[in-house]
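> Okay, structure incoming, though there's no sequence with it:
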Ligand code: NAI
């Protein structure tokens, strides 16, 4: 502890150790890592508190639980930071995240159409968390708008570095001197631009594209996923989205030559079956992808895309499996990571004890996996699944189900705590249900890799 700064935002650093990083960016996690957390605005405090209780209990029950413990360290952003320090994002908060290399946060409010820029974007940009990783899978019993939500099991890699796409924040207001200058320049270049326009600029850099595509490929190799899909609107935005796809294919064919097969190879050389040890890298135009991911989700596994596409696509996929209340988020860089609930501050239910803590809890699961504490992570996943199967859900889900009564945030958390350490249960199927499941399984196998 001697080499450590002793306070951030005036709060003493608790006794614990820092996560360090190997040369390849892999975290080296001590038994008592210090983990900064930001409660967040609105429902943030309610869900963050319950998440910490459940994570602590799971870590204790998991192997080495007598030695391991997360040393939580509160750091501040949003309304709480404004109240305490007069600013929504104190420098010490960024410094604490840098110092400890990891963090988890609740949602933060961002005004629309003016006022301050998003704190979430500022935090992601500061930490150079260029990978926004969104795993989307179905938990049996969660209400879904589609017939077979269980077919969705994808991990979305969204470029998140803050320097690229419309998220770079390069925007000029109608009638501003800058916008008039840009319009004049564009007109000089021969473009027709209406003079009453506001203008946003979309830079897409090769560096940002390659590093997110590399992250997606490494993830697919590590986890045994067999399809990586590049998504972009390359037919219209040729030098930005189109370039993402072109650079991506050029890069993966060279850097992952032993693994990569294209859709053309799949049919001309492999008869439609992805061979063992190979990864199919394909391309989908953004609008087609939205249709595909809803109509044929089982064809997709790892999706990698630019920032704005990724933003839309993540929420659409989350909706298929039951909404943002349950979708986790991870922002990962080469020297650190920030995990976060994917929904907003839910001002309409804040302070009422009604919020669903699943999103931040599953974000904590991603954090535990990132730390290599997989047993605690899987324990939480199993407990959450069991509780939902038992029909114990918060109001947002209960509203969409029959014969289920919504419970409060804390009751839901208590139910999860009671299930920790128990094996995951499977839904009970009737005889007819089992026959249908077998037929579906066989049908799935037959058309599994028919990606044409
Ligand atoms: P929202 O996600 O806060 O709410 C949309 C609807 O979903 C509301 O009806 C809300 O009650 C419900 N909801 C959201 N999370 C829930 C949960 N965990 N449990 C139960 N119900 C839940 O989206 P909205 O209203 O557009 O945004 C509110 C504020 O949150 C804005 O200031 C926005 O900028 C911010 N926001 C922050 C995000 C972040 O910090 N990552 C992400 C999205 C929005």
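Cool, the structure landed. Small disclaimer: the values here were computed from a predicted structure and weren't measured. Numbering: from 1, shown residues only.

> The ligand contacts on the protein?
Listed as neighbours of the ligand in the chain under the rule C-beta under 6 Å from any ligand atom: 43, 107-110, 120, 324-325, 340, 343-349, 355-356, 359, 396. The C-beta positions use only the backbone N, C-alpha and C, and glycine is treated the same way.

> Filter those residues down to the ones in strands?
With strands taken from DSSP state E, the overlap with these comprises residue 340.

> Quick one, which of the residues of the chain next to the ligand are buried?
Among those, those buried by neighbour count (16 or more other C-beta atoms under 10 Å) are 43, 107-110, 120, 324-325, 340, 343-346, 349, 355-356, 359, 396.

> Show the average pLDDT along the helix or strand where residue 280 lies.
Assigned by DSSP states H and E, residue 280 falls within strand 279-285. Mean pLDDT, strand 279-285: 98.

> same question, stretch 253-269
Rounded mean pLDDT across stretch 253-269 is 96.

> Run through the strands of the stretch 101-250 of the chain in chain order.
Here the stretch 101-250 of the chain has its strands, by DSSP state E, counting those that start in this stretch, at 102-105, 131-137, 153-159, 171-172, 199-200, 227-232.

> can you give me the offset of the fifth one from its chain's centre?
Here strand 199-200 shows a centroid-to-chain-centroid distance of 27 Å under the convention C-alpha atoms, centre = their mean, to the nearest Å.

> counting contacts, what elements does that strand pack onto?
Counting contacts by 3 or more C-beta pairs under 8 Å, 6 or more residues apart in numbering; DSSP states H and E, strand 199-200 packs against strand 171-172, helix 177-188.

> Can you show me the helices along the stretch 51-200 of the chain?
For the stretch 51-200 of the chain, applying DSSP state H, counting those that start in this stretch gives helices covering 79-85, 91-100, 119-126, 177-188.

> Please read the previous query as pertaining to the stretch 251-400 of the chain.
263-268, 286-295, 307-320, 358-371, 374-389, 395-398.

> I would like the residues contacting the longest one, please.
Looking back up the chat, that one is helix 374-389. Residues from elsewhere that reach helix 374-389 (C-beta atoms under 8 Å, 6 or more residues apart in numbering): 54-55, 58-59, 61-63, 139-142, 358, 361-362, 364-366, 368-369, 393, 397, 412, 415-417, 419-425, 427.

> In the chain, which residue sits furthest out from the middle?
No residue in the chain sits farther from the centre than residue 188, which is 42.1 Å out by C-alpha atoms, centre = their mean.

> For residue 67, the count of nearby residues, please.
9 (other C-beta atoms under 10 Å).

> I'd like to know how far the nearest residue to it once chain neighbours are set aside sits from residue 241.
In space, and not counting its chain neighbours, residue 67 is closest to residue 31: 4.7 Å by C-beta to C-beta, 6 or more residues apart in numbering. Look at residue 31 and residue 241: by C-beta to C-beta, to the nearest Å, they are 45 Å apart.
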